[in-house]
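> fold the following.
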Amino acid sequence: MQLDTKIFDILACPVCKGKLYHDRQKSMLICKFHKVAYPIKDGCPVLLFKEAMPLDDNQGDKL
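Numbers count the residues shown, from 1 in each chain. Sure, this is the predicted structure:
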C-alpha cells in the first residue's frame, strides 16, 4: 500500500521534531538538522533513528 504523498508534508523528524524533506528520487526523508536520511520502504517511511543513514556534509545543504 502506498501512502498519499501529502502525508510527507506533515511528518517530522522523530528526534528534533523538525521538518523532513522528501527526496522522491532516492525515496528518502531528509532531516537537515541531523544530516540524516530516513528510508521509505514499500511506500512507508521508516522513522527510526537507528535506521537513518548519515548524509555527507554537502548533501544536507543542497536541499
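> residue 55 reaches residue 38, doesn't it?
No - with contact defined as Cβ atoms under 8 Å, residue 55 does not count as touching residue 38 (10.9 Å). For glycine as for every other residue, the C-beta is placed from the backbone atoms N, C-alpha and C.
> the more surrounded of these two?
residue 38 (22 against 19; other Cβ atoms under 10 Å).
> name the helix or strand for the residue nearest to that one when sequence neighbours are not counted, please.
Once flanking residues are discounted, residue 38 sits nearest to residue 29: 4.5 Å by Cβ to Cβ, 6 or more residues apart in numbering. According to DSSP states H and E, residue 29 maps onto strand 28-31.
> partner strands of that strand, with direction?
Note on strand 28-31: by DSSP bridges, its sheet partners are strand 21-23 (antiparallel), strand 36-41 (antiparallel).
> tell me the mean pLDDT for the first one?
Per-residue pLDDT values over strand 21-23 give a mean of 92.
> and it, which residues are buried?
Buried residues in strand 21-23, counted by 16 or more other Cβ atoms under 10 Å: residue 22.
> make residue 1 into 11 and carry on from there
Sure, I'll start numbering at 11, so the last one becomes strand 31-33.
> the helices in the chain, which residues?
67-71 (DSSP state H).
> which stretches of it have low pLDDT?
Applying pLDDT under 70 to the chain flags the ranges 11-15, 67-73.
> closest to the centroid, which residue in it?
residue 39 (1.5 Å; Cα atoms, centre = their mean).
> sorry, back to before: in the sheet, which residues pair with the residue nearest to residue 48? Tell me.
Beta-bridge partners for residue 39, by DSSP bridges, are residue 32, residue 48.
> could you measure from it over to residue 64?
14 Å (Cβ to Cβ, to the nearest Å).
> again, but for residue 21
Taking Cβ to Cβ, one finds residue 21 at 19 Å from residue 64.
> quick one on the thing from earlier: what do residue 65 and residue 48 both touch?
residue 40 (Cβ atoms under 8 Å, 6 or more residues apart in numbering).
> surely residue 41 touches residue 48?
Yes - here residue 41 reaches residue 48: they are 7.2 Å apart, a contact under Cβ under 8 Å.
> between these two, which contacts overlap?
23, 30, 62.
> burial measure for the first one, as a count.
Right, the one you point to is residue 23. When counting by other Cβ under 10 Å, one arrives at 20 neighbours for residue 23.
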